[in-house]
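Asker: model the following, please.
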Amino acid sequence: MKLSKLSRLSHRWGSILALLPITIIIVSGIVLQVKKVSPYIQPPTQRGVGTEPAIGFDRILEIATSVPEAAIETWEDVDRLDVRPGKGMVKLRCKNRYELQIDTKTGEILQVAFRRSDLIESIHDGTFFHEQFKLWVFLPAGIVLAMLVITGVHLFLLPHLARRKRERKQKAETNLEQ
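Answerer: Next up is the predicted model:
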């Protein structure tokens, strides 16, 4: 089988096989590009009054349990803490995707908002569908995408290379006739 025919065949079938996963990756990636400018996707970071944390973890948990939307009773309900000393605040991400921003000096709740960026990131990397989905579907789709780039460049260059070869052959024939 010729390389050009193999390139066309693998390009055609590869694009069909990888269409859905690559589309999901592209669309979610585009949405993630604007997460810092869209409060709908990710709540904007607020500023506290201090620059050194003055409250402890026990106080942070106590404040968080007072927010009904957070649905926090113990540390088990907390996904992660993101301490920002320079901004004087701590972001507390709940397992139910809510985010609390707490002033680390006064203990004041600066913001309570639903955080969609983590959900979009899990869609983007495939873990939303299943933990193994990224390895068994998204990774092969990425490999197929790399193959599509290579075969696409090959298919793009084929007519130029063929024209160049034809011109050289015609030039050689003209030189022989003279």
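
Asker: quick one, domains of this protein?
Answerer: 1-40+116-163, 43-115 (automatic domain parsing).

Asker: can you say which of those domains is packed in most?
Answerer: Sort the domains of the chain by mean neighbour count, taking mean count of other C-beta atoms under 10 Å, and domain 43-115 sits at the top with a mean of 16. For every residue, glycine as well, the C-beta is placed using N, CA and C.

Asker: and that one, how far out from the chain's middle?
Answerer: The chain centroid and the centroid of domain 43-115 are separated by 25 Å under C-alpha atoms, centre = their mean, to the nearest Å.

Asker: i'd like the first residue to be 26 from this point on
Answerer: Sure thing, new numbering starts at 26, so read that last one as domain 68-140.

Asker: gap between the two ends of that domain?
Answerer: Domain 68-140 stretches 6 Å from its first residue to its last (C-alpha to C-alpha, to the nearest Å).

Asker: shaky segments in the chain?
Answerer: The chain contains residues with pLDDT under 70 at 26, 203.

Asker: longest single helix anywhere in it?
Answerer: Looking across the chain with DSSP state H, the single longest helix is helix 164-202.

Asker: hang on, the earlier thing: turn the domains of the chain into a markdown table, including distance to Gln195.
Answerer: Shown next, in a markdown table, are the domains of the chain (distance: least, C-beta to C-beta, whole Å):
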| stretch | distance to Gln195 |
| --- | --- |
| domain 26-65+141-188 | 11 |
| domain 68-140 | 65 |
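
Asker: nearest to Glu202, out of those domains?
Answerer: Set against Glu202 and scored by C-beta to C-beta, the domains of the chain come closest in domain 26-65+141-188, at 21.2 Å.

Asker: show me where the protein has strands.
Answerer: With strands called from DSSP state E, the chain shows them at 103-109, 114-119, 123-128, 134-139.

Asker: closest one to Gln71 among these?
Answerer: Comparing the strands of the chain by C-beta to C-beta, strand 134-139 comes nearest, at 3.9 Å.

Asker: from the contact counts, what lies against the closest one?
Answerer: strand 123-128 (3 or more C-beta pairs under 8 Å, 6 or more residues apart in numbering; DSSP states H and E).

Asker: can you list contacts of the strand it packs on?
Answerer: 68, 70-71, 73-75, 80, 85, 88-89, 92, 94-96, 113-119, 133-140 (C-beta atoms under 8 Å, 6 or more residues apart in numbering).

Asker: change it to 7 Å
Answerer: 68, 71, 73-74, 85, 88-89, 92, 94-95, 113-118, 134-140 (C-beta atoms under 7 Å, 6 or more residues apart in numbering).

Asker: what of stretch 178-194?
Answerer: For stretch 178-194, contacts defined as C-beta under 7 Å, 6+ apart pick out 29, 32-33, 36.
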